[in-house]
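A.B. asks: I'd like to go over a predicted model; first the sequence, then the structure.
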Amino acid sequence: MLNLGTNKSGAVTTVALSLLVALAPALGAAQSAQDPPPLKPGQIRIRVVNAQTNQPVTNERLNVALRDDQVGSVAMGTDKTGVILVDTKKGSILRILANMYADCRPREELYTNYSVATIISTGITTGNLCSSASPVAKPGELILYEVPKTYLRQYPAPPVDSMPHHPN
């Protein structure tokens with residue numbers, strides 16, 4: 001054991017240093033636990049985030065398709081970190097649709113064909129009409145914002161009670 005001082009606090013310094021040395025591996029492991037595991041070749045990570053809380057959506061089942069239309073899409077569940085791992089195989093286009101939550105993308109982006117090559121090389125963050133959050137996706141990552149379907153945005157004026165085309 002290294003003793004850094006000979007005064008009264010020398011024993012305290014030695015104990016503090018010993019604790020620091022003993023905890024260093026655990027602190028390093030905790031920090032790396034926050035980083036997601038590396039992706040395998042041809043794999044992408046879809047990260048689903050609650051736009052209200054900025055927390056992972058852990059109980060979503062996105063409809064995921066690796067083709068030009070939603071026919072043949074598969075409902076894939078998020079894990080405890082709000083992530084879905086997708087093996088793209090030979091797919092070149094990825095399409096996603098919210099299932100259990102309301103999608104925050106603008107209407108024109110709902111049926112977007114996302115390039116798998118772009119997701120892998122630079123990452124994509126989808127549009128977000130529900131909050132101001134807009135993080136930069138990492139290579140191999142597609143970020144999607146959603147809100148619970150019970151969430152209604154508050155506007156300064158009440159909704160229109162009669163439509164212009166209504167016969168009354």
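C.D. replies: Received, thanks.

A.B. asks: from what I can see residue 131 touches residue 145, true?
C.D. replies: Yes - counting by C-beta atoms under 8 Å, residue 131 does reach residue 145; the two are 6.9 Å apart. The C-beta positions use only the backbone N, C-alpha and C, and glycine is treated the same way.

A.B. asks: more neighbours: these two, which one.
C.D. replies: Counted by other C-beta atoms under 10 Å, residue 131 and residue 145 do not tie: residue 145 has more neighbours, with 28 against 15.

A.B. asks: export the host helix or strand of that one as CSV, just CAs?
C.D. replies: Assigned by DSSP states H and E, residue 145 falls within strand 141-148. These are the backbone C-alpha positions of strand 141-148, laid out as CSV (Å, rounded to 0.1, in the frame of the first residue of the first chain):
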residue,chain,number,x,y,z
GLU,A,141,-29.1,4.4,-35.4
LEU,A,142,-32.6,5.7,-36.3
ILE,A,143,-34.3,7.8,-33.6
LEU,A,144,-38.1,8.0,-33.6
TYR,A,145,-40.1,10.2,-31.2
GLU,A,146,-43.5,9.1,-30.0
VAL,A,147,-46.1,10.2,-27.3
PRO,A,148,-48.8,8.2,-25.5
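
A.B. asks: neighbouring strands - and their directions - for that strand?
C.D. replies: Strand 141-148 has its sheet partners listed here by DSSP bridges as strand 43-50 (parallel), strand 101-103 (antiparallel), strand 124-125 (parallel).

A.B. asks: ok, residues contacting the last one?
C.D. replies: Strand 124-125 is contacted by residues 114, 118, 134, 135, 136, 137, 141, 142, 143 when judged by C-beta atoms under 8 Å, 6 or more residues apart in numbering.

A.B. asks: rounded mean pLDDT for that strand, please.
C.D. replies: Regarding strand 124-125, the rounded mean pLDDT is 97.
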